[in-house]
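Chemist: sequence and predicted structure below; questions after.
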Amino acid sequence: MKLDEDHRTMSVEEKEDTSISVPNNIGIHNVPLPPKKSTLQKLKLKLSEIFFPDDPLHQFKNKNVKTKLILGFQYVFPILQWLPTYGIQLFRSDLVAGLTIASLAIPQGISYAKLANLPPIIGLYSSFVPPIIYSVLGSSKHLGVGPVSIASLVMGAMLTEFVSPVDQSDLYLKLAFTSTLFAGLFQASLGFFRLGFIIDFLSKATLIGFMAGAAVIVSLQQLKGLLGITHFTSKMQIIPVMSSVFSHTNEWSWQTIVMGISFLVFLLTARQISAKKPRFFWISAAAPLTCVILSTLIVFCLRSYTDKISKIGQLPKGLNPPSVNMLYFHSSHVALAAKTGLITGILSLTEGIAVGRTFASLENYQVDGNKEMMAIGVMNIVGSCSSCYVTTGAFSRSAVNYNAGAKTAFSNIVMATAVLVTLLFLMPLFYYTPNVVLAAIIITAVIGLVDYQGALKLWKVDKLDFVACLSSFFGVLFISVPSGLSLAVAISVFKVLLHITRPNIVTMGNIAGTQLFQSLERYKNASRIPSFLILGVEAPIYFANSTYLQERILRSIREEEEWIKSNKELPLKFVILDMTAVTAIDTSGIDTIQELGKIIQKRSLQVALVNPVGSVMEKLHKSKVLELFGSNNGVYMSVGEAILDLTTSRKVEGLA
C-alpha cells in the first residue's frame, strides 16, 4: 500500500521507545449490548420505520375521542383543515390565481391532449374533474392540477405503438381511459400501503436525462404542426421523425410556417420576460391563451386565404360524459393498458410530488407524500370514469398559481369553474383555432424541461450519474420512451448494487495531538500507529458484499506487511476494524467476521472491533463470534481506547 512520506513521522529510535502516539490518559469503556427487545417489538419498530417514517399518527396522541374523530376527517380530507376558516381575503387571492392558471390550463389542456393523440376536448375534460377532486384530498396549497406534457407523450407513444389513434380511434380512446384507471389504482395503492419509496428508484439523474430526451422528441413531433405536414410518422424515435419531416417537403405550407414561427417567437419572448422579471409572471401565463385568441381571429378573418392551415374543428359542448362503459379489459389489450398506466402513473406521481414539495418548501409548510399519492390516484380513478386521461400537478401551472398569490387549493376549484364555463358556452369559438398554435404552445412548455445546467453539475459531481442521465436521454431519442426510461432505471439500480457490493474501506491514522483517527489518504497530517493496521469499513455487511470485504481486508493486511518490510518499520501486531459506519449485518456478514478473525489470528495478529452499532453488537454477541477475540471480547468504544488497551495488554504479557 503506497502512502505519502508525511505519514512516516517517527524515527527508528522513537519506534523502539513507544508504540502509540495517542494520549494514554483515557479509560477503557465497555461496549454494552442494546436494551433487550422481543422479536415482535423489533419487527414493529422496523415496519414503523419502513412505512411510517413521518409518524403520521402523532397528532392523535393524548386526544379525546371527539378530537381524534375531527382530526381523522381532516387527515383524510385536507380541505377540512382550511375551509372552516376560509375568508374573503383568501378567496380574493385564490380567485385571481385560479383565473390566471385557467388562462394557461385551457390552451395547455387542448394541446397536451393532441400530444397524447386524443381528441382536444379530452384535455379540457381533464382540466375540470381532477382539479376538483384534488382540492378536496390534496395537501398542497399551490399545486396546479391537469394534463402534463411528459405523461401525455408517454401515453401517446406507448398506445400508438400497438393501436392507431386514427384507424382505431374508439379502441385507442378506451385504452387511454383504461390506462388512466390503472395509473390511478397504482398511485392510490402506493399511498394507501405507504410504499412511496418505490418511486425513489427514479433518481434525479435519470429524470434529467429522460425529461430532456422527451422534450426533444415532443418538440420534433410538433414539426408536423409547425410545417403543416399532413402525413407524418407515428413513431417517436428521432430518426423516423426527421426522416418523415424531410420526406414530405411537398406538404410544407408557408402560411403555416410563418404563423407558427411568429407565435413561437411571441411565446418564447413572453417566457423570457417572465423568467428575468418574476413580477411579470402573468405575461407568460396569459401568452398561450392570447395566442389562441389571436390566431383564431386571424384564421377566421382570412379564412378564404388560410385553407391550407389545419384547424381544430368542431368541439362538443357540455360537461364530461361518463366513460365507465368505455373501460376496456379484454385480454388482448389489457396488458398494454396496465403497462401504460404503470409507467405514466409513476412519471406523473414523481412530477406531482416533486412540484408540490418544491412550492411547499418556499412557503414553509409540509406536503404529505402518501396523501399526495392517494389524492393523485383517486383523481385519476375518478377521471377515468369521467372522460379524463392521466393528470397530475404540473410545474408550469403550479408556478403560475404560486406567483399569482394562491393561498389554498381553492384556486383549483376556480380554475375548474372557468373550464366548466368554457365547456358549456365557449366551445364553438375554438373551431378556427389553428393546430400550429397548439404545436407552438407545446414546444414552449417542454423547452423548460431541458436542464442542461443540471446535466453539467452531474458531470462535475458524479460521473456515473451523468452516464445514467445520458443513457436515459439517448435511449428516449433513439430507442423509445419506455425503453429509455427502463435503461436509465437499470443503470441507477446498477449504481446502487455497485455501492452495496463494493463498499469503501479506508486505512486510518492518528491526527497528531488528538484522539481522532481518519483516512491516511485523505488527511495528509494523519500518521500511522506503529504495529497497528486500522481499517474503517464504510458500509453494512451483507451477503452481497461479505466475500468482497473479507478479500479486501486480507489484501490490506498483505499490502501493509509489504509496506512495513520495504520501509523497515516495526512488525504488524494488531488489526483494528472500525465498524462505526457498519449500520447492519446479516448472518453472512457474521460468518465473514468470524472467518476473518480465525485467518488473522493464524498469522499471529490480534484483532479488535471498534464501535459496532447496537443491532450489530447484539447479533455478534448472540452468534458467540466475539468469544474468538479474547479478553473484553475484542470490542472497544473508540480506536484510541483499543490502541491503549491492546498495547498495555501486550506489554503486560511481555513482562509476565
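Modeler: All right, it came through fine.

Chemist: under the pLDDT cut-off, which ranges of the stretch 101-250 of the chain? List them.
Modeler: Using pLDDT under 70 as the threshold, the predicted model of the stretch 101-250 of the chain has low-confidence ranges 200-201.

Chemist: now the helices for it?
Modeler: Under the criterion DSSP state H, counting those that start in this stretch, the stretch 101-250 of the chain carries helices at the ranges 120-125, 129-137, 149-160, 169-192, 204-221, 223-227, 238-247.

Chemist: and the ones you listed as CSV, adding mean neighbour count and distance to residue 378?
Modeler: Every C-beta, even on glycine, is put in place using the N, C-alpha and C of the backbone. As requested, these are arranged in CSV below (neighbours: other C-beta atoms under 10 Å; distance: least, C-beta to C-beta, whole Å):
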stretch, mean neighbour count, distance to residue 378
helix 120-125, 25, 17
helix 129-137, 24, 6
helix 149-160, 26, 17
helix 169-192, 23, 6
helix 204-221, 24, 24
helix 223-227, 22, 34
helix 238-247, 15, 36
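
Chemist: which one is residue 77 nearest to, not counting chain neighbours?
Modeler: Computed as C-beta to C-beta, 6 or more residues apart in numbering, the closest residue to residue 77 that is not its neighbour in sequence is residue 136, at 5.9 Å.

Chemist: whoops, residue 591 was the one
Modeler: Ranked by C-beta to C-beta, 6+ apart and with sequence neighbours excluded, the top spatial neighbour of residue 591 is residue 546, at 7.2 Å.

Chemist: my read: that neighbour touches residue 589, true?
Modeler: Yes: taking C-beta atoms under 8 Å as the contact criterion, residue 546 and residue 589 are neighbours in contact, 5.0 Å apart.

Chemist: report the residue ranges of every domain in this structure.
Modeler: Structural domains annotated on the chain: 82-202+317-436, 453-501, 502-655, as defined by automatic domain parsing.

Chemist: and the longest one, end to end?
Modeler: So that's domain 82-202+317-436. Its first and final residues considered, domain 82-202+317-436 spans 42 Å by C-alpha to C-alpha, to the nearest Å.

Chemist: and the helices in the stretch 551-656 of the chain?
Modeler: Counting by DSSP H, counting those that start in this stretch, one finds helices in the stretch 551-656 of the chain at the ranges 587-602, 614-622, 639-655.

Chemist: ok, which of those comes nearest residue 460?
Modeler: Of all the helices of the stretch 551-656 of the chain, the one in closest proximity to residue 460, counting by C-beta to C-beta, is helix 639-655 (33.8 Å).

Chemist: just the domains of the chain: most buried one?
Modeler: Counting by mean count of other C-beta atoms under 10 Å, domain 82-202+317-436 has the highest mean neighbour count of the domains of the chain, with a mean of 22.

Chemist: quick one: that domain to chain centroid distance?
Modeler: 19 Å (C-alpha atoms, centre = their mean, to the nearest Å).

Chemist: try stretch 554-572
Modeler: Shown here is stretch 554-572, whose average C-alpha point lies 45 Å from the average C-alpha point of the whole chain (C-alpha atoms, centre = their mean).

Chemist: just the CA trace of it, in PDB.
Modeler: What follows is the C-alpha trace of stretch 554-572 in PDB, where atoms were taken according to Å, rounded to 0.1, in the frame of the first residue of the first chain:
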ATOM      1  CA  LEU A 554      -6.900  -9.600   3.800                       C
ATOM      2  CA  ARG A 555      -5.400  -7.700   0.900                       C
ATOM      3  CA  SER A 556      -4.900  -4.600   3.000                       C
ATOM      4  CA  ILE A 557      -3.100  -6.700   5.600                       C
ATOM      5  CA  ARG A 558      -0.800  -8.100   3.000                       C
ATOM      6  CA  GLU A 559      -0.100  -4.700   1.500                       C
ATOM      7  CA  GLU A 560       0.600  -3.300   4.900                       C
ATOM      8  CA  GLU A 561       3.100  -6.000   5.700                       C
ATOM      9  CA  GLU A 562       4.800  -5.400   2.400                       C
ATOM     10  CA  TRP A 563       5.000  -1.700   3.100                       C
ATOM     11  CA  ILE A 564       6.400  -2.400   6.600                       C
ATOM     12  CA  LYS A 565       9.100  -4.600   5.100                       C
ATOM     13  CA  SER A 566      10.100  -2.200   2.400                       C
ATOM     14  CA  ASN A 567      10.300   0.700   4.900                       C
ATOM     15  CA  LYS A 568      11.800  -1.300   7.800                       C
ATOM     16  CA  GLU A 569       9.100  -0.400  10.200                       C
ATOM     17  CA  LEU A 570       8.000  -2.200  13.300                       C
ATOM     18  CA  PRO A 571       6.300  -5.500  12.500                       C
ATOM     19  CA  LEU A 572       2.500  -5.600  12.400                       C
END
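
Chemist: what mean pLDDT does that stretch have?
Modeler: Model confidence over stretch 554-572, given as mean pLDDT, is 92.

Chemist: the helix ranked longest in the chain packs against which elements?
Modeler: The helix that spans the most residues within the chain, counting by DSSP state H, is helix 331-362. For helix 331-362, the contact count by 3 or more C-beta pairs under 8 Å, 6 or more residues apart in numbering; DSSP states H and E identifies helix 149-160, helix 169-192, helix 369-384, strand 392-394, helix 395-403, helix 481-501 as packing neighbours.

Chemist: now do the third one against helix 129-137, angle only.
Modeler: Computed with axes from the mean of the first three to the mean of the last three C-alpha atoms, to 10 degrees, the direction of helix 369-384 lies at 150 degrees from that of helix 129-137.
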